[in-house]
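J.: Fold the following and give me the result.
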Amino acid sequence: MKPTRRRWIPVVLTLIAGALVAPATADTLARQEAALALFQRHAGEPVKRMPTFTLSDWRPLGKTHVAVFRGPVAAWLIQVQDGCHGLDWARTIGLTSTGGTVSARFDRVVFRDGIGPGARRETCRIEEIRPVDYRKVRADEKAARAAD
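T.: So this is what the prediction gives:
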């Protein structure tokens, strides 16, 4: 059976998509690493727990860190266990809690590692929680944009 052009179209489209995604992935990882360094610079000392709240926003900061927000200025930097796969690409996240608090070394970040029916539910134990002075983070981000 002789291959037809139609059979090659999906292969070619997959190769093109892969070529376009690779630079975007590298750029995203570099941005996450830069943002993580900024959050770490403005993070306080580790705390054992933080209050339970409805997340107003969150921001992936690589494979082992995520920033979570309650309102426009209350933020925490959460570090999860090594080996947590997919956190840097999660679409939504949640936090487990016990007794009205989220505790380091006990509670978890819960997320899906993608979208659609093939997405798996993942959970990663929280290793460290640090409050963040988000006003300072925003001021540094604003200064960096002005310098560009």
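
J.: contacting residues around the one helix or strand Val110 maps to?
T.: Assigned by DSSP states H and E, Val110 belongs to strand 108-112. Residues outside strand 108-112 that contact it (CB atoms under 8 Å, 6 or more residues apart in numbering) are 66, 78, 80, 84, 86-87, 90-96, 119-126. Bear in mind the C-beta positions are built from the backbone N, C-alpha and C, glycine included.

J.: Which strands or helices does the helix or strand just after that strand pack on?
T.: Proceeding N to C from strand 108-112, the next assigned helix or strand is strand 121-133, under DSSP H and E. In terms of contacts (3 or more CB pairs under 8 Å, 6 or more residues apart in numbering; DSSP states H and E), strand 121-133 is packed against strand 49-51, strand 74-80, strand 101-103, strand 108-112.

J.: hey, which of the ones you listed is tucked in deepest?
T.: Comparing the helices and strands packed on strand 121-133 by mean neighbour count (mean count of other CB atoms under 10 Å), strand 74-80 comes out on top with a mean of 22.

J.: What is the burial count for Arg120?
T.: When counting by other CB atoms under 10 Å, one arrives at 10 neighbours for Arg120.

J.: Which pLDDT value does the model give it?
T.: With respect to pLDDT, Arg120 has a value of 76.
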